[in-house]
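Novice: Sequence first, predicted model second:
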Amino acid sequence: MRTSTRVWLLVLVLFVLHFFLHVGLGFESGAPDMLTVALLLSAREIGMGRAAGVGLCFGLIEDALSVLAFGANTVAMTVIGVLGAGTRDLFVGDSLIFLVSYFVLGKWLGDLVRWVMVGEDLRQPFVDQVMVQGLVGGLYAAAVGIALMAITGLWRETPA
Amino acid sequence: MPAYVPEPESAGGRHQGMLAIIVLILALATSYLPEIAQQRIAFGLHRTVLRPFIATQERLVTARFRASQVEGLQEQVDSFTAVTSTHGMLLDENRTLRELLDLGARVGPSFLPATVIRPGTPGSESMFLVELGSTDGIKVGAPVLSLYGLVGVIREVREGISVGMDWTHPDFRVSAMLADGTTYGMVEVRRGSFREDDRLILNGTAYHESAPAGTVVLTSGLGVIPRGIPIGKIDGVEEEQGGWRKSYWLRPMVEPGSVTHILVATHDSGSDVTDRWVADSLLTRDEAITGRVP
């Protein structure tokens, strides 16, 4: 199976799994942010414009579930898509350090943009939401992302 | 991940950059859309992409709710079981009280209702307490009745309480006659090998007069006890003595162990109550419950 096909299949699975765990089973923060992992994975496969489009779609779907801050996830995911695709031109290879940093920073940046976009009335304290929850969520997403890449063979394909 | 391949500076790259900027502007614009437009988008996504996930959550919530209901239902079932387990006893008590009301209406206000209290202590077998006393007009020897007939008599009377004995007591004796008034005798207890074997006998009847099985035996009215209260039914000859005396086994009208509510005669209850027991009530308790008359 071609790598791009495998990546898109994985993205689809992560998309379904994310909403199944978060919405279907109601696990909330107990389940990792697989949508961000899927976006970060796909952003390395496609161009910046398409990654932004995927981020826009993912964000809109997440925003459909948030009542008071519509648009915050859309902007955050679009930014992640754009920057994720941009790393193709800035960073070479996929060593473990790079991948961990990529997923942690990607998730953390998403939380930061979301925190900014939500607005003063709804946002939680910066330290709590961005510094603590954002970084923990980032590590959680990195662990899941790297494990999935290892399982599906996407990581071993091109050793650093 | 795919190997790094440097992209040549091309129109495609610029195109991707332009597209990303447009999408970013679109994403920012979603925050400033009118609320109704945001709701339409959200509603559309709920009805399409998110529908299976929301449906899953609905099913899960329903399942959790049902699971919690199962516990509640189990508690209700347990409660119902507890209620129905005592239901039979309540029905029996209800029937007894109705019967007593029926009899009370028949015999009039001179018979007072009471509840039988069994002390349950050693030596108090065949004895019971009644919360009626001398102030209520109760006298020693007053008959104690149930719907089916004589239960026993009052033995001691105090101010607010009396002690009675049922027919299984060795001292129980009552003057009796056959329902047609032809034969008289004395009803007493014949002790058996064990208490459940105690039986009533009609003793001292004339030898030449016979009492067919099933004949009802009533109180004769000698002494304090009024005439005409059913005691039992003839159940065969117990003994013939010297060609001059016979005694008969009696099938008692009342099993004292099953009696919970009674009527006690007061001093102005009259001397003859024969007409108060209509023909259809001249059944023993067992006959009335089983519907079988031997």
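Specialist: That came through, no problem.
Novice: going forward, measure contacts and count neighbours with C-alpha atoms only.
Specialist: Will do.
Novice: for the most centrally placed residue in chain A, what are its contacts?
Specialist: Within chain A, one residue has its C-alpha closest to the average C-alpha position: by C-alpha atoms, centre = their mean, that is A:Thr36, at 1.4 Å. Each residue near A:Thr36 by C-alpha atoms under 8 Å, 6 or more residues apart in numbering or on different chains is listed here: A:Met77, A:Gly106, A:Lys107, A:Ala141.
Novice: How about A:Leu109?
Specialist: Shown in contact with A:Leu109 (C-alpha under 8 Å, 6+ apart): A:Ala76, A:Ile80.
Novice: quick one: secondary structure of it?
Specialist: When classified by DSSP: H, G, I helix; E, B strand; the rest coil, A:Leu109 comes out as helix.
Novice: Can you check the pLDDT for it?
Specialist: On pLDDT, A:Leu109 comes in at 94.
Novice: Also A:Met1?
Specialist: 62.
Novice: Which strand or helix spans the residue nearest to the centre of chain A?
Specialist: Taking DSSP states H and E as the criterion, A:Thr36 maps to helix A:34-43.
Novice: quick one: low-confidence parts of the chain?
Specialist: In the absence of a named chain, chain A is used. Residue ranges of chain A with pLDDT under 70: A:1, A:3, A:67, A:156-160.
Novice: wait, I meant chain B there
Specialist: Along chain B, segments meeting pLDDT under 70 span B:1-11, B:268-271, B:277-281, B:285, B:288-289, B:291-294.
Novice: ok, residues contacting the longest strand seen in it?
Specialist: With secondary structure taken from DSSP state E, chain B has its longest strand at strand B:230-241. Applying C-alpha under 8 Å, 6+ apart, the external contacts of strand B:230-241 come out as B:148-150, B:201, B:207, B:211-219, B:246-254, B:282, B:284.
Novice: Make sure A:Leu25 is actually in contact with B:Thr56.
Specialist: Yes. With contact defined as C-alpha atoms under 8 Å, A:Leu25 counts as touching B:Thr56 (7.3 Å).
Novice: Okay, and which of the contacts of strand B:230-241 map to helices?
Specialist: Secondary structure assignment by DSSP state H places none of those in helices.
Novice: Is there a quick ChimeraX command that grabs whichever of those residues are buried?
Specialist: Applying 16 or more other C-alpha atoms under 10 Å in any protein chain shown to those, the buried members can be selected in ChimeraX as follows:
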select /B:148,149,150,201,211,213,214,216,217,218,219,246,247,248,249,250,251,252,253,254,282,284
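Novice: which residues does the closest residue in space to B:Glu58 that isn't next to it in sequence contact?
Specialist: With sequence-adjacent residues excluded and distances taken as C-alpha to C-alpha, 6 or more residues apart in numbering or on different chains, B:Glu58 is closest to A:Gly24, at 7.9 Å. Listed by C-alpha under 8 Å, 6+ apart, the contact partners of A:Gly24 are B:Phe53, B:Ile54, B:Ala55, B:Thr56, B:Gln57, B:Glu58, B:Leu60.
Novice: How many residues are close by the residue nearest to B:His261 when sequence neighbours are not counted?
Specialist: Spatial nearest neighbour of B:His261, excluding adjacent residues (C-alpha to C-alpha, 6+ apart): B:Thr115 at 4.5 Å. Neighbours of B:Thr115 under the rule other C-alpha atoms under 10 Å in any protein chain shown: 15.
Novice: Just confirm B:Thr115 is within a strand.
Specialist: Yes. Secondary structure of B:Thr115 (three-state DSSP): part of a strand.
Novice: Surely it touches B:Ile262?
Specialist: Yes. Using C-alpha under 8 Å, B:Thr115 is in contact with B:Ile262, at 6.2 Å.
Novice: My understanding was that B:His208 contacts B:Trp244; is that so?
Specialist: Yes. With contact defined as C-alpha under 8 Å, B:His208 counts as touching B:Trp244 (7.5 Å).
Novice: Which stretches in chain B count as strands?
Specialist: So, for chain B - with DSSP E - the strands run B:111-117, B:127-130, B:143-146, B:149-157, B:162-166, B:173-178, B:184-190, B:199-206, B:216-219, B:230-241, B:245-252, B:261-265.
Novice: would CSV of the ones you listed with distance to B:Leu103 be doable?
Specialist: Listed next are the strands of chain B as CSV, based on distance: least, C-alpha to C-alpha, whole Å:
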stretch, distance to B:Leu103
strand B:111-117, 9
strand B:127-130, 18
strand B:143-146, 8
strand B:149-157, 10
strand B:162-166, 19
strand B:173-178, 21
strand B:184-190, 23
strand B:199-206, 24
strand B:216-219, 16
strand B:230-241, 13
strand B:245-252, 18
strand B:261-265, 9
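Novice: For B:Thr30, the count of nearby residues, please.
Specialist: Residues near B:Thr30, counting by other C-alpha under 10 Å, number 21.
Novice: I should have written B:Glu209 there, sorry.
Specialist: Per other C-alpha under 10 Å, the neighbour tally for B:Glu209 reads 12.
Novice: How about it, nearest residue that isn't a chain neighbour?
Specialist: Of all residues not flanking B:Glu209 in the chain, B:Thr183 sits nearest, at 6.9 Å (C-alpha to C-alpha, 6+ apart).
Novice: gap between the one you found and B:Arg199?
Specialist: As judged by C-alpha to C-alpha, to the nearest Å, B:Thr183 and B:Arg199 stand 20 Å apart.
Novice: repeat for A:Ser95
Specialist: Distance, A:Ser95 to B:Arg199, by C-alpha to C-alpha: 104 Å.
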